[in-house]
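Participant: return a 3D structure for these sequence lines:
(chains A and B)
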Amino acid sequence: MENIENKNEIMLEDAARIIKLDGTNASFVMKDGFLALTLKTNGEEKVYDRVFLHRAFPHELLWEYISVTGDENKEIGLIYNVDDFGAEDVELLKTEINRKYYSPVIFEIQSVKERYGFSYWKVRIDDGRILSFTMQDTFGKIIRIGEDSAILVDVDGNRYTIKSILGLDKKSYRKIELYL
Amino acid sequence: MFVSDKIPEYIYASLREEGVELDKIMLATYCDMDDGHVFCDTYVVATIDKLYVLSGSVVLGEGLDKAWKETAFREYDVSAIERLNCEELISSARLTAKTTDGRVLFLTAMTNTCRSSVLLFIKYFERMKRGQISSPDFKIDDEDTPEERCCPKCGMRYPDRNRKICPRCMEKGKLYRRFGMFLAKYKIYIAIMIISLVLLTLTSILVPYISNEFFYDEVLQEDGSFFGEILLVIGLIVATRLLSQVFTVINGLVSAKISAKIVYDLKMTVFKAIEKLSLSFFGSRQTGGLMAQVNNDSNTLYSFFCDGFPYFLINIVQVAVICVLLFIENPLLAALSLVTVPVFFLIILKTYRKEMKLHAKTYSSTRAMNGQLTNVLGGMRVVKAFSQEDAEIQKFDKVSRRASRSHKKLSLFNNYVYPSVGLILYLGNIIALGVGGWMVISGYNDFTYGKLIKFVAYVNMIYSPMYFFADMVDWSAASTNALQRLFEIYDTQPDISEKENAVTPESIEGKVEFCNVDFSYTKNRKVIDNVSFDVEAGKTLGIVGHTGAGKSTIANLIMRLYDCDEGRVLIDGIDVKDLSFKALYDNIAIVSQETFFFIGSILDNIRYANPTATYEEVVKAAKLAGAHDFIIKMPDAYNTMIGFGYKSLSGGEKQRLSIARAILRDPKILILDEATAAMDTETEKMIQNAITSLTKDKTTIMIAHRLSTLSDADELIVIENGKVAERGTHKELLAIENGVYNRLYTLQAEALKNAGITE
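Facilitator: Model prediction:
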């Protein structure tokens, strides 16, 4: 009976264990266009040819608490802060994270037209490009993040970020105000 | 050849230069990024043997000429590719290829905008790999043709393929015409309403004439045609007022008669449309929102079309007639009196946007407050369990204050703006009195006191329609939105529909087959991946697997709650898509973990499966299900009201009622989807007999976490990641060392043993 209890405790411990990844036990490289990880545990090296990065708190901590999973979607470890790695790794990690969480930042809303349950948006984004997209169920697809930010999700599932709603120019603000 | 997006001629030229044989191209698609996630133009092209990826962008060449600049070109052997995959990121995706030697190749990235085209490319690429298509002139599925995906007028991709509505080309006028058609059956009533309103207007215009100009100038003046005939005037005034009342009553009666009918019709139309929709539609909408839509929109439309629109027409007529009368009477005074009208509209237009914003804010803050309230009341048990009452009060206080503030602002605005603009409008009246009074005194153009009083009364009659017109803008916007929403539901095509020539076999034996079935709830995320199995009629198949492995999806596909993407689901050798809904639902019953009971008695709920069942049959079914004993102990026994707001039942009791309902149905195929999951092991054992009697002589698909309940099944399949990992009898699967079933069984047996339960 005691053995069984011990076994259960060990299983719980295993389930709650977080493997912290940092520059001392992990390093990343790009391999055939995918991010690969080399992990050192107890003096042994294990190479994961393809790993995936997931922000645990994507709206609050951009470069902290990054979960690293393998091919079967099982977590290999958790990066507490990307800065715990060397400069090369940091660049790789940031590039990969930016690619995954790519979301154009809206600086100006040029026009919003409502038609038949859809709204048509024309916006200027951070790199200066003018983008047009369509939203359905506009009220529901503008997700407020905190008091001042919002994410807009278009009909194709593309996301657009407004970092500061109050920071938008007056004309832009007036166009989005009705939906907030 | 299938080209999911238009490919420019210079791309074909570039491909030709790279040695691609253009006449052999089977498939082509466009992506807006390259393999470094950099925005550019990437074309993925497939022939029978090769897959090509061409990236580049259009750049400014010499002068202002634009030229295609290629940045990358890669080619792969199709034979070396096992499958293509579109991997979703957040706003973007990656097209990858899994090679036959297990490697993954990164072909290109794209934003989600290109994803649907790429998914089509993958669909036909898989068919090409399977040898189902072999020449460039293969037939594209009807639903994938450009005509089905894009607006024929402007070429824009439909935002929702199922609706085939191009918002850009959709005319608002069409909406109103469509709704007009809907109201056509009430045309006689509506005509009576409009006629009575016209007559009402005419009588109201007559009153100022009789009681002012006619009375003062023709009756009270010595030189008047009816001097001294006061009784006549009073009689005329009373008659006109009476007539006006008669028309008001007629209008009221007709309006009351048809209003309820129209609202009822609207609600039924929308509800019927909702009922026909497939399960996937409800997965993407909130049920509460749908109900609000049905209720509010019907009322909005009724009030606009039956209260608003006729009055709008009448007011137009009234204003036009009065304006004509005023200008005929005294053009100068008319022009001076009406000078404030454009000023009024200018201010209304200026303040309209502000008012709309205040309305929207009030609406959204009230919605947030109601949402918070519903949320907390629904989860009161959790709130109390975690002692979060104070925190919830604070949250509610915050949203409630916000709602209160927005209501106050709107109210202040209305109380400030409308009296102010009303005052401006009223200035016209003052002008009429002042200038008109001077005209009477100076005898200008025979302008008499009676005419002046009539004139002022008519000017006043113009003002109230002005307010109505100002409101009409808001009113029509709200009704247009309501119409859009109404037709949005009405036009949505159910994903699952019965074929025109659907088969209804005389009897069904109950053989179930899955042939190479693929299915995904969201595109590209296969939940069922190439699954094949068969169950002979009357036999039991157990389905085992981890949570999320795809077990319940198999049940959904047999029930045809969803259609498979590839492959076929057969019942007695007939594709479920060819079977009539009646044949399907009469012969299949499901008992699932999620039980649902409608508001009604236990009797009604058991009879839901077979409304004509006798009392004896209901009691027998309940006995078989092990439900009779607990039902009979209740004071109202089978007449006990259950469902939302009534007696709550335990998980085990609900499940037994659900089994009783299925027994009453007596289906040929029975699906038990975690039917005993809500029960403890003891209760489960108690109703095992019920399950045995329920499954007797029926084809049974049994999905269960607890493997011990499946040990009697004729055959078992183990589902892992949407695929059939193992297949065999309980004994055969246990015999596979390190097998998935063996591992799961050992783990469960150990866990039960630890809990002190032996099976």
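Participant: what does chain A have sitting close to chain B?
Facilitator: Contact residues (Cβ under 8 Å from any Cβ of the partner chain) of chain A with chain B: A:4, A:8, A:32-34, A:50, A:99-104, A:115-118, A:120, A:134, A:136, A:139, A:155-159, A:177-178, A:180. Backbone N, C-alpha and C define where each C-beta goes, glycine included.
Participant: run the last query once more with 7 Å
Facilitator: A:4, A:8, A:32-34, A:50, A:99-103, A:115-118, A:134, A:136, A:155-159, A:177-178 (Cβ under 7 Å from any Cβ of the partner chain).
Participant: can I get the buried part of those residues as one ChimeraX selection?
Facilitator: Buried residues within those, by 16 or more other Cβ atoms under 10 Å in any protein chain shown, are selected in ChimeraX with:
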select /A:33,34,50,99,100,101,102,103,115,116,117,118,134,136,155,156,157,158,159,178
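Participant: all strands of the stretch 551-700 of chain B, in order?
Facilitator: For the stretch 551-700 of chain B, the strands defined by DSSP state E, counting those that start in this stretch cover B:566-571, B:574-575, B:588-592, B:600-601, B:641-642, B:669-673, B:699-703.
Participant: what's in contact with the last one?
Facilitator: Translated: strand B:699-703. B:510-512, B:535, B:537-543, B:551-552, B:555, B:558, B:668-674, B:710, B:713 (Cβ atoms under 7 Å, 6 or more residues apart in numbering or on different chains).
Participant: please redo it, this time with the cut-off set to 8 Å
Facilitator: By Cβ atoms under 8 Å, 6 or more residues apart in numbering or on different chains, the list of residues contacting strand B:699-703 from outside reads B:510-512, B:535-543, B:551-552, B:554-555, B:558, B:668-675, B:695, B:709-710, B:713.
Participant: just the fourth one next, same as before
Facilitator: Contacts to strand B:600-601, defined as Cβ under 8 Å, 6+ apart, come from residues B:636, B:638-643.
Participant: can you put those in a markdown table and add neighbour count?
Facilitator: Shown next, in a markdown table, are those (neighbours: other Cβ atoms under 10 Å in any protein chain shown):
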| residue | neighbour count |
| --- | --- |
| B:Asp636 | 12 |
| B:Tyr638 | 20 |
| B:Asn639 | 13 |
| B:Thr640 | 16 |
| B:Met641 | 14 |
| B:Ile642 | 21 |
| B:Gly643 | 17 |
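Participant: quick check: bridge partners of the residue of chain B at minimum distance from chain A?
Facilitator: In chain B, the residue that lies nearest chain A is B:Phe106 (3.3 Å; Cβ to the nearest Cβ). Judged by DSSP bridges, the bridge partners of B:Phe106 are B:Thr96.
Participant: my read is B:Lys185 is in a strand, agree?
Facilitator: No - with DSSP: H, G, I helix; E, B strand; the rest coil as the criterion, B:Lys185 is assigned helix and is not in a strand.
Participant: what strand or helix carries B:Glu275?
Facilitator: helix B:230-276 (DSSP states H and E).
Participant: packing partners of that helix?
Facilitator: helix B:172-183, helix B:187-208, helix B:287-302, helix B:449-491 (3 or more Cβ pairs under 8 Å, 6 or more residues apart in numbering or on different chains; DSSP states H and E).
Participant: just name the most buried of those.
Facilitator: Ranked by mean neighbour count, the helices and strands packed on helix B:230-276 are led by helix B:449-491 with a mean of 19 (mean count of other Cβ atoms under 10 Å in any protein chain shown).
Participant: average pLDDT for that helix?
Facilitator: Averaged across helix B:449-491, pLDDT comes to 78.
Participant: does B:Asp217 touch B:Leu452 like I think?
Facilitator: No - in this structure, B:Asp217 is not within contact of B:Leu452 by Cβ atoms under 8 Å, at 10.3 Å.
Participant: circling back: so of the contacts of strand B:699-703, which ones are in helices?
Facilitator: If you go by DSSP state H, those have B:551-552, B:554-555, B:558, B:695 in helices.
Participant: out of those, who's the most crowded?
Facilitator: Greatest neighbour count in the ones in helices among the contacts of strand B:699-703, by other Cβ atoms under 10 Å in any protein chain shown, goes to B:Ile554: 29 neighbours.
Participant: B:Arg103 versus the residue lying closest to it once chain neighbours are set aside, what's the distance?
Facilitator: Setting aside the residues directly before and after it, B:Ile554 is nearest to B:Ile543 in space (Cβ to Cβ, 6 or more residues apart in numbering or on different chains), at 6.2 Å. Per Cβ to Cβ, to the nearest Å, B:Ile543 is found 33 Å from B:Arg103.
Participant: ok, A:Ser119 next?
Facilitator: 43 Å.
Participant: mind picking the lowest-pLDDT entry from the contacts of strand B:600-601?
Facilitator: For the contacts of strand B:600-601, the minimum pLDDT belongs to B:Gly643; the value there is 77.
Participant: what sits against it?
Facilitator: B:597-600, B:605.
Participant: burial of the residue nearest to B:Lys123 when sequence neighbours are not counted, as a residue count?
Facilitator: Of all residues not flanking B:Lys123 in the chain, B:Asp144 sits nearest, at 7.8 Å (Cβ to Cβ, 6+ apart). A count of nearby residues for B:Asp144, using other Cβ under 10 Å, gives 14.
Participant: want to throw the contacts of strand B:600-601 into JSON lines with distance to B:Ala432?
Facilitator: Shown next, in JSON lines, are the contacts of strand B:600-601 (distance: Cβ to Cβ, whole Å):
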{"residue": "B:Asp636", "distance to B:Ala432": "73"}
{"residue": "B:Tyr638", "distance to B:Ala432": "77"}
{"residue": "B:Asn639", "distance to B:Ala432": "73"}
{"residue": "B:Thr640", "distance to B:Ala432": "73"}
{"residue": "B:Met641", "distance to B:Ala432": "67"}
{"residue": "B:Ile642", "distance to B:Ala432": "70"}
{"residue": "B:Gly643", "distance to B:Ala432": "65"}
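Participant: among those residues, name the ones in helices.
Facilitator: Among the contacts of strand B:600-601, no member lies in helices (by DSSP H).
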